[in-house]
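1. Below: sequence and its predicted model.
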Amino acid sequence: MAADSEKGKAAYMEDEETDENPADIQPRFFRTPSADLIPNAAVGAAVQASAVRRRSSIRLEQRGSVHRKKSLGGGTSPESLKGLPEESIRLRRPLEAGEPLQLEDDEEEVIRFGGPLTLEDVKSELRGLCTLETLRRKLPITVWLPKYSRTDLLGDVVAGLTVGLTVVPQCLAYAQIADIKLEYGLNSAYMGCFIYALLGTSKDVTVGPTAILSLLTGTFIQREMGLEGDWAILLCFFVGCFQLLMGFLRLGFLINFISTPVVSGFTQAAVIVIILSQVKNIMGVSFGSAKDNVGQTLAHYVRKMPDTRGWDVLMGCLCITLLLLMREMAFPAWKAREGRQHPPKWWAVVKEAVRLMNVSRYAIVVVSATIFEYVMEVGFNQHYLSVTGPVTAKISAPKPPNFAVENLSLGEILSTFGAGLVLVPLLATMESVAVAKTFAHKFRYNIDVTQEFIALGAANVVSSFFGAYPVTGAFTRSALNAESGVRTPMGCIVTGTFVVVAILSLGQLFQYIPKAALAAVIICACLTMFDFQIFKELWIIRKSELFVLILTMATCLFLRVEFGLIIGLTVSILMLVYPMARPVVVVQKKLTARKHPAQLDDYRISVKPQGSVFFPAAEYLKEIFNDPIFKTPVTAFSVPRESFAVSNGAAAPPGDRNRMELREALPPIIFDGIHLTSSDYSTLRALRSVFVNCKSLHRDIVFVNTSDEILDIIMPFRRKDEDAEKKNDVVVPMHQGKLLPAGKPK
């Protein structure tokens, strides 16, 4: 099975920059009648690498513009190409028979990543909308389905059935977390798989309900009048619409603003809330809802302790013990013995059986508990355990969600969901994309984040027509899918088909599932989600982010999970924005001459921002120049105020002390504007205010490493003064400063 998994790595590997086989591209560039004219294999490898590196379009969310210039000509022989790196090698024209391959020495490669959205980016994207490559990106099934083989089918069927044995008991248990009827969990487990297989870009991701998303669903839906199911379906629909909107507008980068400490704090708090909420099912009692915080839940347990049912506690503890034991179950590896290097056939059979027991442990425990309860209730008419009760398990015809729930208008429904319309889709997509990236890195293939938004959005919208609540990619089931040797997204279709068959054939038996068994499944699934390592790492690396994690976790536990998530996001974004409002600016005051007293020009106050300055820091930048270091005068030789211009129309020479007098004056300022290139207008207006203030105080301020365009904004009359000085119409006093070219300090 592991070998099949390794073979499956190449079966779905598609480079995001080209859809052609590099081995088939060589004739396009080297149209030579005879193959022996280019004997060097390195040339073919370089050409193949060139084809792979070609970019078919410019994507707006990445906005990477690539320009490569390489000429093939000159006098280079094929043998000289040995050892060349994998660079772009293209022929200016087809080679004639017997003509040697020639290269020029000059090569230029310019790549732009990021930056503002330009008109060229938009034009490039619009040009590519109606191309075959765009269609293939939007329908990834057209990439892998034509290459599908019997080997792929075998791996996908095995992986899909293995995941199906896990997803059925999990989706029933997760509906219990959301505190809605169990049939909604079943309805969420199949249609999302079908849609994602058509539109998703990861072969390993399995779509369905998850513990975190179920908790959020139970938090944001309304429970009045017993219509929580309709609210859950509506939330699924709106979550899908939001994801589709973000996908079509290329806004996938927004999920990057949810920092890892916030996600970790929320996840670990959610795990604690989920586990505490499921202990009541092991005790056999019922109280509260998914919106309760930890304090309210603990208070309920104190009141309900006398009502604990012993049989439910016994069943829950037994199921948890079996699940933990089967999770650690592993068959020992074969050790070579004398006369036998390879294991016997029965060894491989037993090893595979142990592996199947490990991956199917949830199904084994739930089925065993259900059979026990069914025999006791039907055969002996004994009701020992608390069961789920009647479950309407069926595949119904698609119908739109109830947009008139409780006779509310669309605006009232949207306002009822509130922040859930943003938080739920963002967290759902982030969870799925993180899973997809993990396995894409492991198996060396590429995913498209924007297409993932579209795939998940379509899965949620379509699933809402079949009575589902929000779904996303699940890490545990995706990991099981990868370990089972899945080769293409067809494994997701097999999983969905298995769920449909289970609903149609086993629907009547779902009512006998003990609640304690489902609670045991949830608790054991959540135990693996704790991450204690991040606390240690943040303590060593960045304690401020540790504060964000602990704050998010505490507010989720003692307020409510949605409040904690919003507070954590707010604090995290404020910590991100604060450096923009208070950038690092280095101010250095020094004396360049050793003689005393020195001239005023020998003193320097250098000001250099350590990064780009934007409008939130405009006022802060002005305040820096009010610091005492700028206000402290020095005693030095300088031109007296009444003698700025001498009789012959020229300023006093810097070294002529006969025309200077010793007095107190403010030293000149040297401002390094190397980082002003990307600054905005508000920042430059603030610097203009600083310049005008220095001018009114008869103080020199010089801008170095600053472009003329920037200087024209800071000093709008600069060019007029320079032109007048050249014509000797006006004498520019020394205190206004002579404007120096960029990079040439005064």
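-> Structure received.

2. need the helix or strand of this protein with the lowest average pLDDT.
-> helix 26-29 (a mean of 34; mean pLDDT, DSSP states H and E).

3. wouldn't residue 427 be in contact with residue 267 here?
-> No: look at residue 427 against residue 267 with CB atoms under 8 Å: they stay out of range, at 9.4 Å. Bear in mind the C-beta positions are built from the backbone N, C-alpha and C, glycine included.

4. These two: which is more packed in?
-> residue 427 (24 against 20; other CB atoms under 10 Å).

5. residue contacts, that one?
-> Residue 427 makes contact with 212, 213, 216, 258, 263, 266, 565 under the criterion CB atoms under 8 Å, 6 or more residues apart in numbering.

6. Next: residue 369.
-> 315, 319, 385, 513, 514, 516, 517.

7. cool, residue 245 as well?
-> 251, 457.

8. before we move on, back to that, between all of the contacts of residue 427, which two are separated the most?
-> 213 and 258 (14.7 Å; CB to CB).

9. Determine how far stretch 374-382 lies from the middle of the whole chain.
-> Its chain's average C-alpha position is 51 Å from that of stretch 374-382, according to CA atoms, centre = their mean, to the nearest Å.

10. buried stuff in it?
-> Residues 376, 377 are the ones in stretch 374-382 that count as buried (16 or more other CB atoms under 10 Å).

11. Just the residues contacting it, thanks.
-> Contact with stretch 374-382 is made by 383, 384, 385, 387, 509, 512, as judged by CB under 8 Å, 6+ apart.

12. how about JSON lines for these, with secondary structure and neighbour count added?
-> Formatted as JSON lines, these follow (DSSP: H, G, I helix; E, B strand; the rest coil; neighbours: other CB atoms under 10 Å):
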{"residue": "383", "secondary structure": "coil", "neighbour count": "11"}
{"residue": "384", "secondary structure": "coil", "neighbour count": "17"}
{"residue": "385", "secondary structure": "coil", "neighbour count": "24"}
{"residue": "387", "secondary structure": "strand", "neighbour count": "22"}
{"residue": "509", "secondary structure": "helix", "neighbour count": "16"}
{"residue": "512", "secondary structure": "helix", "neighbour count": "21"}
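
13. Mind picking the two most distant members of those?
-> 384 and 509 (17.2 Å).

14. circling back to that earlier point, among the contacts of residue 427, which one sits closest to residue 133?
-> Among the contacts of residue 427, and counting by CB to CB, the member closest to residue 133 is residue 258, at 31.1 Å.

15. right, and that closest one touches residue 569 too?
-> Yes: Residue 258 lies in contact with residue 569 (CB under 8 Å); the separation is 6.6 Å.

16. Between those two, tell me which one has more neighbours.
-> Legend: neighbour count by other CB under 10 Å for residue 258 and residue 569, higher for residue 569 (22 against 19).

17. How about that one: what's its closest non-neighbour residue?
-> residue 262 (5.8 Å; CB to CB, 6 or more residues apart in numbering).

18. cool, and residue 295?
-> Residue 295's closest residue in space is residue 558 (CB to CB, 6+ apart), at 6.2 Å.

19. and the one you found, how many residues sit next to it?
-> 14.

20. you'd agree it is up against residue 294?
-> Yes: here residue 558 reaches residue 294: they are 6.2 Å apart, a contact under CB under 8 Å.

21. Report all helices and strands that the strand or helix carrying residue 314 contacts.
-> In this assignment (DSSP states H and E), residue 314 forms part of helix 310-327. With contacts taken as 3 or more CB pairs under 8 Å, 6 or more residues apart in numbering; DSSP states H and E, helix 310-327 sits against helix 260-283, helix 345-359, helix 361-374, helix 515-527.

22. Now the helix or strand just after the last one: buried residues?
-> Pointing back at helix 515-527 there. With elements assigned by DSSP H and E, the helix or strand that comes after helix 515-527 is helix 533-541. Neighbour counts over helix 533-541 (16+ other CB under 10 Å) mark 534, 538 as buried.

23. Grab the CA positions of helix 533-541 and hand them over as CSV.
-> Taking C-alpha atoms only, helix 533-541 is exported to CSV below (Å, rounded to 0.1, in the frame of the first residue of the first chain):
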residue,chain,number,x,y,z
GLN,A,533,4.9,22.9,21.4
ILE,A,534,3.7,26.3,20.2
PHE,A,535,3.7,27.7,23.8
LYS,A,536,7.4,26.9,24.2
GLU,A,537,8.4,28.2,20.8
LEU,A,538,6.5,31.5,21.2
TRP,A,539,8.0,32.0,24.7
ILE,A,540,11.5,31.7,23.2
ILE,A,541,10.9,33.6,19.9
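
24. between it and helix 260-283, how many degrees?
-> Using axes from the mean of the first three to the mean of the last three CA atoms, to 10 degrees, the direction of helix 533-541 lies 150 degrees away from that of helix 260-283.

25. Give me the residues contacting whichever helix or strand comes after helix 533-541.
-> Sequence-wise, the next helix or strand downstream of helix 533-541 (DSSP H and E) is helix 543-558. Residues outside helix 543-558 that contact it (CB under 8 Å, 6+ apart): 259, 261-262, 264-266, 268-270, 272-273, 293-295, 534-535, 538-539, 563-565, 567-568, 571-572, 575.

26. Who are the contact partners of the residue nearest to residue 569?
-> Taking CB under 8 Å, 6+ apart, one finds 548, 549, 552, 565, 568, 569, 572 in contact with residue 262.

27. Among these, which one sits closest to residue 232?
-> residue 565 (18.9 Å).

28. count of residues packed around that closest one?
-> 26.

29. Please apply the same query to residue 363.
-> By other CB under 10 Å, the residues close to residue 363 number 19.

30. Would you mind confirming that it is in contact with residue 170?
-> No: the pair residue 363 and residue 170 does not pass the contact test of CB under 8 Å, sitting 9.3 Å apart.

31. Common neighbours of those two, please.
-> Contacts common to residue 363 and residue 170, judged by CB under 8 Å, 6+ apart, are absent.

32. Low-confidence ranges, the stretch 301-450 of the chain, go.
-> 338-339 (pLDDT under 70).

33. Who are the contact partners of the closest residue to residue 710 other than its chain neighbours?
-> Distances taken as CB to CB, 6+ apart place residue 676 nearest to residue 710, at 5.2 Å, with adjacent residues excluded. By CB under 8 Å, 6+ apart, the contact set of residue 676 is 609, 612, 613, 683, 684, 687, 706, 707, 710.

34. Need phi/psi at the first one.
-> Read it as residue 609. Main-chain torsions, residue 609, degrees, to the nearest 10: phi -70, psi 140.

35. helices or strands next to the helix or strand residue 695 falls within in the packing?
-> Secondary structure assignment for residue 695, by DSSP H and E: helix 681-696. Packing partners of helix 681-696 (3+ CB pairs under 8 Å, 6+ apart): helix 618-624, strand 701-704, helix 708-714.

36. so what's the backbone phi/psi at the closest residue to residue 638 other than its chain neighbours?
-> Distances taken as CB to CB, 6+ apart put residue 600 closest to residue 638, at 3.8 Å, once the chain neighbours are dropped. In terms of degrees, to the nearest 10, the main-chain angles of residue 600 are phi -60, psi -30.

37. pLDDT weak spots in the stretch 51-200 of the chain?
-> Ranges of the stretch 51-200 of the chain meeting pLDDT under 70: 51-117, 128-130.

38. residue ranges of the strands in it, please?
-> With DSSP state E, counting those that start in this stretch as the criterion, the stretch 51-200 of the chain has strands at 65-70, 107-112.

39. quick one: residue 613 is in a strand?
-> No: assignment of residue 613 by DSSP: H, G, I helix; E, B strand; the rest coil gives coil, placing it outside any strand.

40. Which pLDDT value goes with residue 711?
-> As summarised for this prediction, residue 711 has a pLDDT of 90.

41. Narrow the contacts of helix 543-558 to those that are buried.
-> Buried members of the contacts of helix 543-558, counted by 16+ other CB under 10 Å: 259, 261-262, 264-266, 268-270, 272-273, 293-294, 534, 538, 564-565, 567-568, 571-572.

42. Could you check how far the nearest residue to residue 285 once chain neighbours are set aside is from residue 449?
-> Spatially, and ignoring its direct neighbours in sequence, residue 285 is nearest to residue 304 (4.3 Å; CB to CB, 6+ apart). Computed as CB to CB, to the nearest Å, the residue 304 to residue 449 distance reads 46 Å.

43. Since that was my last question, I'll sign off now.
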